[in-house]
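K.L.:
following is a predicted model, sequence given first.
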Amino acid sequence: MPDLNLPILDLSRLDAGEAQAAAFRADLRAATHDVGFFYLTGTGIPAELEQRLHRAARDFFALPEAAKLAIENINSPHFRGYTRIGGERTQGEVDWREQIDIGPERDAVTGGPAYTRLIGPNLWPAAQPELREVVGEWHTALVDISRRLLRAWALALGAEESYFDDHFGEPSTLIKIVRYPGTREPLPQQGVGAHRDSGVLTLLWVEPGRGGLQVERDGEWVDAPPVDGAFVVNIGELLEYATGGYLKATNHRVISPAAPDDRLSIPFFFNPALDAKLPLIDLPPELAAQARGVTQDPTNPIHSLYGENALKSRLRAHPDVAAIHHPDLVGTSH
(Lines give C-alpha, C1' and ligand atoms only; values in the text may rest on other atoms or scores of the structure.)
Protein backbone atom coordinates (compact mmCIF):
# COMPACT_ATOMS: atom_id res chain seq x y z
CA MET A 1 0.00 0.00 0.00
CA PRO A 2 1.43 3.43 -0.90
CA ASP A 3 2.13 6.13 1.65
CA LEU A 4 -1.37 7.44 2.24
CA ASN A 5 -0.37 10.67 4.05
CA LEU A 6 -3.39 10.37 6.38
CA PRO A 7 -4.05 8.21 9.46
CA ILE A 8 -6.21 5.08 9.10
CA LEU A 9 -8.77 4.35 11.84
CA ASP A 10 -10.88 1.20 12.19
CA LEU A 11 -14.37 1.95 13.51
CA SER A 12 -14.95 -1.71 14.45
CA ARG A 13 -12.50 -1.25 17.34
CA LEU A 14 -15.35 0.45 19.21
CA ASP A 15 -16.97 -3.00 19.45
CA ALA A 16 -13.80 -4.90 20.44
CA GLY A 17 -13.78 -4.24 24.18
CA GLU A 18 -13.06 -1.14 26.25
CA ALA A 19 -9.29 -1.17 25.73
CA GLN A 20 -9.67 -1.16 21.95
CA ALA A 21 -12.46 1.41 22.12
CA ALA A 22 -10.32 3.71 24.27
CA ALA A 23 -7.41 3.31 21.85
CA PHE A 24 -9.71 4.19 18.94
CA ARG A 25 -10.91 7.33 20.73
CA ALA A 26 -7.32 8.38 21.41
CA ASP A 27 -6.39 7.85 17.76
CA LEU A 28 -9.50 9.75 16.66
CA ARG A 29 -8.61 12.70 18.87
CA ALA A 30 -5.00 12.72 17.66
CA ALA A 31 -5.93 12.48 13.97
CA THR A 32 -8.29 15.42 14.12
CA HIS A 33 -6.05 17.51 16.36
CA ASP A 34 -3.01 17.02 14.13
CA VAL A 35 -4.46 16.64 10.62
CA GLY A 36 -8.24 17.09 10.56
CA PHE A 37 -8.51 14.18 8.08
CA PHE A 38 -8.33 10.40 8.28
CA TYR A 39 -9.39 7.21 6.52
CA LEU A 40 -12.17 5.24 8.24
CA THR A 41 -12.45 1.47 7.76
CA GLY A 42 -14.56 -1.14 9.55
CA THR A 43 -17.84 0.75 9.08
CA GLY A 44 -19.94 -2.30 8.26
CA ILE A 45 -21.34 -0.73 5.09
CA PRO A 46 -22.37 -3.66 2.86
CA ALA A 47 -20.33 -3.88 -0.33
CA GLU A 48 -23.62 -4.48 -2.17
CA LEU A 49 -24.98 -1.09 -1.04
CA GLU A 50 -21.77 0.63 -2.07
CA GLN A 51 -21.96 -1.00 -5.50
CA ARG A 52 -25.61 -0.03 -5.98
CA LEU A 53 -24.85 3.58 -5.09
CA HIS A 54 -21.88 3.61 -7.48
CA ARG A 55 -24.03 2.23 -10.29
CA ALA A 56 -26.85 4.70 -9.58
CA ALA A 57 -24.39 7.60 -9.65
CA ARG A 58 -22.97 6.46 -12.98
CA ASP A 59 -26.50 6.00 -14.37
CA PHE A 60 -27.49 9.50 -13.28
CA PHE A 61 -24.63 11.20 -15.07
CA ALA A 62 -25.30 9.07 -18.16
CA LEU A 63 -28.85 10.49 -18.42
CA PRO A 64 -29.57 12.75 -21.39
CA GLU A 65 -28.70 16.38 -20.71
CA ALA A 66 -32.38 17.33 -20.84
CA ALA A 67 -33.25 14.84 -18.08
CA LYS A 68 -30.59 16.28 -15.81
CA LEU A 69 -31.47 19.89 -16.58
CA ALA A 70 -35.11 19.13 -15.77
CA ILE A 71 -34.01 19.08 -12.12
CA GLU A 72 -31.42 21.86 -12.36
CA ASN A 73 -30.84 23.65 -9.08
CA ILE A 74 -31.84 27.03 -10.50
CA ASN A 75 -35.39 25.62 -10.16
CA SER A 76 -34.93 25.10 -6.41
CA PRO A 77 -35.00 27.92 -3.85
CA HIS A 78 -33.44 25.36 -1.47
CA PHE A 79 -30.26 24.77 -3.52
CA ARG A 80 -31.25 21.19 -4.37
CA GLY A 81 -30.96 19.29 -7.62
CA TYR A 82 -28.52 19.20 -10.49
CA THR A 83 -25.66 21.63 -11.03
CA ARG A 84 -24.22 21.64 -14.53
CA ILE A 85 -20.45 21.69 -15.16
CA GLY A 86 -19.05 25.03 -14.08
CA GLY A 87 -22.17 25.93 -12.12
CA GLU A 88 -20.57 26.03 -8.67
CA ARG A 89 -17.85 28.24 -7.25
CA THR A 90 -15.26 27.95 -4.50
CA GLN A 91 -13.49 31.14 -3.36
CA GLY A 92 -15.12 32.83 -6.35
CA GLU A 93 -13.48 30.49 -8.87
CA VAL A 94 -15.43 28.06 -11.07
CA ASP A 95 -15.35 24.36 -10.06
CA TRP A 96 -15.06 21.95 -12.99
CA ARG A 97 -17.63 19.36 -11.96
CA GLU A 98 -21.29 18.41 -12.23
CA GLN A 99 -23.38 17.16 -9.32
CA ILE A 100 -26.73 16.58 -7.69
CA ASP A 101 -27.40 17.93 -4.18
CA ILE A 102 -29.77 16.00 -1.91
CA GLY A 103 -30.82 17.15 1.55
CA PRO A 104 -33.47 16.17 4.10
CA GLU A 105 -36.83 15.72 2.38
CA ARG A 106 -38.99 18.45 3.91
CA ASP A 107 -41.82 20.80 3.03
CA ALA A 108 -40.72 24.35 2.37
CA VAL A 109 -41.31 26.85 5.18
CA THR A 110 -42.19 30.52 5.01
CA GLY A 111 -40.95 33.23 7.32
CA GLY A 112 -38.36 32.89 10.03
CA PRO A 113 -34.61 33.46 9.79
CA ALA A 114 -33.06 33.58 6.34
CA TYR A 115 -31.46 30.16 6.75
CA THR A 116 -34.88 28.48 6.82
CA ARG A 117 -34.92 28.98 3.05
CA LEU A 118 -32.60 25.97 2.90
CA ILE A 119 -35.48 23.74 4.07
CA GLY A 120 -37.54 22.11 1.34
CA PRO A 121 -38.03 19.20 -1.04
CA ASN A 122 -35.40 17.58 -3.21
CA LEU A 123 -35.51 17.40 -6.99
CA TRP A 124 -35.35 13.78 -8.22
CA PRO A 125 -34.84 12.63 -11.82
CA ALA A 126 -38.06 11.15 -13.17
CA ALA A 127 -36.02 8.91 -15.48
CA GLN A 128 -34.24 7.21 -12.57
CA PRO A 129 -36.59 6.39 -9.68
CA GLU A 130 -34.09 3.96 -8.11
CA LEU A 131 -31.76 6.84 -7.22
CA ARG A 132 -34.04 8.01 -4.42
CA GLU A 133 -34.20 4.54 -2.86
CA VAL A 134 -30.47 3.85 -2.76
CA VAL A 135 -29.65 7.36 -1.54
CA GLY A 136 -32.14 6.84 1.29
CA GLU A 137 -30.39 3.63 2.36
CA TRP A 138 -26.99 5.31 2.13
CA HIS A 139 -28.22 8.24 4.21
CA THR A 140 -29.51 5.95 6.98
CA ALA A 141 -26.22 4.04 7.15
CA LEU A 142 -24.05 7.16 7.24
CA VAL A 143 -26.14 8.91 9.88
CA ASP A 144 -25.48 5.91 12.14
CA ILE A 145 -21.71 6.04 11.48
CA SER A 146 -21.67 9.79 12.08
CA ARG A 147 -23.42 9.47 15.42
CA ARG A 148 -20.97 6.78 16.54
CA LEU A 149 -18.03 9.00 15.63
CA LEU A 150 -19.46 12.00 17.46
CA ARG A 151 -20.06 9.95 20.61
CA ALA A 152 -16.47 8.73 20.43
CA TRP A 153 -15.23 12.30 19.97
CA ALA A 154 -17.27 13.51 22.94
CA LEU A 155 -15.65 10.95 25.24
CA ALA A 156 -12.20 11.61 23.77
CA LEU A 157 -12.62 15.32 24.54
CA GLY A 158 -13.62 14.78 28.15
CA ALA A 159 -17.35 15.42 27.64
CA GLU A 160 -20.38 13.24 28.23
CA GLU A 161 -20.91 10.66 25.49
CA SER A 162 -24.24 12.30 24.62
CA TYR A 163 -22.74 15.80 24.27
CA PHE A 164 -23.30 16.11 20.52
CA ASP A 165 -26.61 14.22 20.57
CA ASP A 166 -27.84 16.69 23.20
CA HIS A 167 -26.92 19.78 21.16
CA PHE A 168 -27.51 18.68 17.59
CA GLY A 169 -31.28 18.56 17.32
CA GLU A 170 -32.61 17.08 14.06
CA PRO A 171 -29.42 16.82 11.95
CA SER A 172 -28.97 18.81 8.78
CA THR A 173 -27.52 16.47 6.20
CA LEU A 174 -26.41 16.93 2.62
CA ILE A 175 -25.39 14.33 0.06
CA LYS A 176 -23.61 15.43 -3.08
CA ILE A 177 -23.15 13.00 -5.96
CA VAL A 178 -20.32 14.53 -7.94
CA ARG A 179 -18.64 13.84 -11.27
CA TYR A 180 -15.35 15.46 -12.20
CA PRO A 181 -14.92 15.24 -15.98
CA GLY A 182 -11.46 14.81 -17.41
CA THR A 183 -9.56 17.76 -18.81
CA ARG A 184 -6.96 17.98 -21.55
CA GLU A 185 -5.39 21.12 -20.09
CA PRO A 186 -1.67 20.64 -19.39
CA LEU A 187 -1.79 22.26 -15.95
CA PRO A 188 -3.84 20.95 -12.99
CA GLN A 189 -7.41 22.23 -13.14
CA GLN A 190 -9.72 23.11 -10.24
CA GLY A 191 -12.18 20.28 -9.77
CA VAL A 192 -13.12 22.00 -6.52
CA GLY A 193 -11.03 24.79 -5.05
CA ALA A 194 -9.29 24.90 -1.71
CA HIS A 195 -11.77 25.19 1.16
CA ARG A 196 -12.67 24.05 4.64
CA ASP A 197 -16.07 22.47 5.23
CA SER A 198 -18.50 24.74 7.04
CA GLY A 199 -20.15 22.21 9.34
CA VAL A 200 -19.15 19.41 11.71
CA LEU A 201 -18.36 16.17 9.89
CA THR A 202 -17.89 14.91 6.32
CA LEU A 203 -17.76 11.28 5.18
CA LEU A 204 -16.45 11.00 1.62
CA TRP A 205 -16.86 7.99 -0.65
CA VAL A 206 -14.55 8.05 -3.67
CA GLU A 207 -14.77 5.85 -6.73
CA PRO A 208 -12.10 3.14 -6.42
CA GLY A 209 -8.85 3.92 -8.17
CA ARG A 210 -9.69 7.58 -8.83
CA GLY A 211 -7.37 10.04 -7.10
CA GLY A 212 -7.46 13.82 -7.12
CA LEU A 213 -8.25 14.76 -3.51
CA GLN A 214 -5.47 16.75 -1.86
CA VAL A 215 -5.18 17.84 1.79
CA GLU A 216 -3.06 20.66 3.12
CA ARG A 217 -0.48 19.46 5.66
CA ASP A 218 2.19 21.76 7.06
CA GLY A 219 1.71 24.20 4.22
CA GLU A 220 2.03 21.54 1.49
CA TRP A 221 -0.60 19.79 -0.62
CA VAL A 222 -0.50 16.00 -0.17
CA ASP A 223 -2.51 13.40 -2.08
CA ALA A 224 -5.28 11.45 -0.36
CA PRO A 225 -5.96 8.59 -2.78
CA PRO A 226 -9.02 6.40 -2.23
CA VAL A 227 -8.70 3.23 -0.14
CA ASP A 228 -11.09 0.41 -1.02
CA GLY A 229 -13.75 -0.03 1.64
CA ALA A 230 -12.78 3.18 3.45
CA PHE A 231 -14.23 6.65 3.76
CA VAL A 232 -12.13 9.77 3.83
CA VAL A 233 -13.35 11.65 6.90
CA ASN A 234 -12.75 15.27 7.80
CA ILE A 235 -14.09 17.73 10.32
CA GLY A 236 -15.51 21.14 9.54
CA GLU A 237 -15.33 24.62 10.98
CA LEU A 238 -18.02 24.04 13.61
CA LEU A 239 -16.07 21.26 15.31
CA GLU A 240 -13.00 23.49 15.33
CA TYR A 241 -15.18 26.23 16.83
CA ALA A 242 -16.70 23.95 19.49
CA THR A 243 -13.24 22.88 20.69
CA GLY A 244 -11.65 26.33 20.67
CA GLY A 245 -9.33 25.19 17.90
CA TYR A 246 -8.15 22.00 19.61
CA LEU A 247 -9.57 20.05 16.66
CA LYS A 248 -8.62 21.32 13.23
CA ALA A 249 -10.69 21.96 10.10
CA THR A 250 -8.29 21.55 7.20
CA ASN A 251 -8.09 22.99 3.70
CA HIS A 252 -8.60 20.49 0.91
CA ARG A 253 -9.20 20.56 -2.84
CA VAL A 254 -9.76 18.28 -5.84
CA ILE A 255 -7.61 18.32 -8.96
CA SER A 256 -9.47 17.39 -12.16
CA PRO A 257 -8.48 14.06 -13.72
CA ALA A 258 -6.72 13.98 -17.05
CA ALA A 259 -8.97 13.11 -19.99
CA PRO A 260 -10.33 10.67 -20.95
CA ASP A 261 -10.71 9.66 -17.29
CA ASP A 262 -13.35 11.11 -15.00
CA ARG A 263 -13.98 10.70 -11.28
CA LEU A 264 -17.02 10.17 -9.05
CA SER A 265 -17.17 11.10 -5.41
CA ILE A 266 -20.05 11.22 -2.94
CA PRO A 267 -19.55 13.38 0.15
CA PHE A 268 -22.00 13.15 3.03
CA PHE A 269 -22.16 16.16 5.35
CA PHE A 270 -23.51 15.63 8.88
CA ASN A 271 -24.36 18.82 10.74
CA PRO A 272 -26.60 20.15 13.51
CA ALA A 273 -30.10 21.44 13.00
CA LEU A 274 -30.13 24.79 11.24
CA ASP A 275 -31.25 26.50 14.46
CA ALA A 276 -28.74 24.66 16.68
CA LYS A 277 -25.73 26.30 18.27
CA LEU A 278 -22.85 24.13 19.45
CA PRO A 279 -21.59 25.42 22.81
CA LEU A 280 -17.89 25.33 23.50
CA ILE A 281 -16.74 22.05 25.02
CA ASP A 282 -15.13 22.44 28.45
CA LEU A 283 -11.92 20.61 27.59
CA PRO A 284 -9.77 18.95 30.27
CA PRO A 285 -6.81 21.20 31.19
CA GLU A 286 -4.25 19.08 29.35
CA LEU A 287 -6.26 19.37 26.11
CA ALA A 288 -7.24 23.00 26.62
CA ALA A 289 -3.55 23.86 26.85
CA GLN A 290 -3.14 22.56 23.28
CA ALA A 291 -6.11 24.44 21.80
CA ARG A 292 -4.90 26.82 19.10
CA GLY A 293 -7.91 29.10 18.98
CA VAL A 294 -10.36 29.28 16.10
CA THR A 295 -8.95 30.23 12.70
CA GLN A 296 -9.61 33.89 12.03
CA ASP A 297 -10.39 34.70 8.40
CA PRO A 298 -12.20 38.01 7.83
CA THR A 299 -13.44 36.76 4.45
CA ASN A 300 -14.91 33.60 6.01
CA PRO A 301 -16.20 34.14 9.54
CA ILE A 302 -17.33 31.05 11.45
CA HIS A 303 -20.83 31.40 12.89
CA SER A 304 -21.76 29.35 15.95
CA LEU A 305 -25.32 28.94 14.63
CA TYR A 306 -25.16 26.25 11.98
CA GLY A 307 -27.89 27.71 9.76
CA GLU A 308 -25.88 30.89 9.28
CA ASN A 309 -22.81 28.87 8.29
CA ALA A 310 -24.82 26.75 5.86
CA LEU A 311 -26.53 29.71 4.22
CA LYS A 312 -23.20 31.52 3.84
CA SER A 313 -21.78 28.52 1.98
CA ARG A 314 -24.77 28.05 -0.30
CA LEU A 315 -24.98 31.71 -1.31
CA ARG A 316 -21.29 31.78 -2.19
CA ALA A 317 -21.25 28.47 -4.03
CA HIS A 318 -24.37 29.10 -6.13
CA PRO A 319 -24.69 32.80 -6.92
CA ASP A 320 -27.08 32.06 -9.80
CA VAL A 321 -29.58 30.36 -7.48
CA ALA A 322 -29.18 33.18 -4.98
CA ALA A 323 -29.83 35.83 -7.62
CA ILE A 324 -32.98 34.09 -8.89
CA HIS A 325 -34.59 33.08 -5.61
CA HIS A 326 -32.96 35.21 -2.90
CA PRO A 327 -32.01 38.59 -4.38
CA ASP A 328 -32.47 40.21 -0.98
CA LEU A 329 -29.60 38.06 0.36
CA VAL A 330 -27.13 38.64 -2.45
CA GLY A 331 -24.03 40.27 -1.04
CA THR A 332 -24.77 39.13 2.54
CA SER A 333 -22.79 35.86 2.52
CA HIS A 334 -20.46 36.75 5.37
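P.N.:
Ah, there it is. Please read all numbers here as calculations on a predicted model, not as lab measurements.
K.L.:
wait, what's in contact with the closest residue to residue 36 other than its chain neighbours?
P.N.:
Leaving aside its sequence neighbours, residue 36 sits nearest to residue 250 (C-beta to C-beta, 6 or more residues apart in numbering; 3.4 Å). Heads up, the C-betas are built off the backbone N, CA and C, glycines and all. Residue 250 makes contact with 35-37, 196, 215-217, 234-235, according to C-beta atoms under 8 Å, 6 or more residues apart in numbering.
K.L.:
also residue 117?
P.N.:
77-78, 311, 325-326.
K.L.:
how long is stretch 121-141 from one end to the other?
P.N.:
21 Å (C-alpha to C-alpha, to the nearest Å).
K.L.:
report the buried residues of it.
P.N.:
122-125, 131, 134-135, 138-139, 141 (16 or more other C-beta atoms under 10 Å).
K.L.:
could you list which of these belong to helices?
P.N.:
Those of those mapping onto helices are 131, 134-135, 138-139, 141, per DSSP state H.
K.L.:
between which two of the residues you listed is the distance greatest?
P.N.:
The two members of these with the most space between them (C-beta to C-beta) are 131 and 141, at 16.0 Å.
K.L.:
and the buried residues of stretch 121-141, which is closest to residue 43?
P.N.:
Proximity of the buried residues of stretch 121-141 to residue 43 (C-beta to C-beta) peaks at residue 141, which lies at 8.0 Å.
K.L.:
so which residues of this structure form helices?
P.N.:
18-34, 47-61, 65-69, 130-156, 163-168, 237-242, 285-288, 306-317, 319-325.
K.L.:
could you export these as JSON lines, including mean pLDDT?
P.N.:
Listed next are those as JSON lines, based on pLDDT from 0 to 100:
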{"stretch": "helix 18-34", "mean pLDDT": "97"}
{"stretch": "helix 47-61", "mean pLDDT": "97"}
{"stretch": "helix 65-69", "mean pLDDT": "97"}
{"stretch": "helix 130-156", "mean pLDDT": "98"}
{"stretch": "helix 163-168", "mean pLDDT": "93"}
{"stretch": "helix 237-242", "mean pLDDT": "90"}
{"stretch": "helix 285-288", "mean pLDDT": "96"}
{"stretch": "helix 306-317", "mean pLDDT": "89"}
{"stretch": "helix 319-325", "mean pLDDT": "95"}
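K.L.:
for residue 201, find the nearest of those helices.
P.N.:
That would be helix 130-156 among those, by C-beta to C-beta, at 5.6 Å.
K.L.:
re the thing from before, among the buried residues of stretch 121-141, which one lies nearest to residue 55?
P.N.:
Relative to residue 55, the closest of these is residue 134; by C-beta to C-beta it sits at 8.5 Å.
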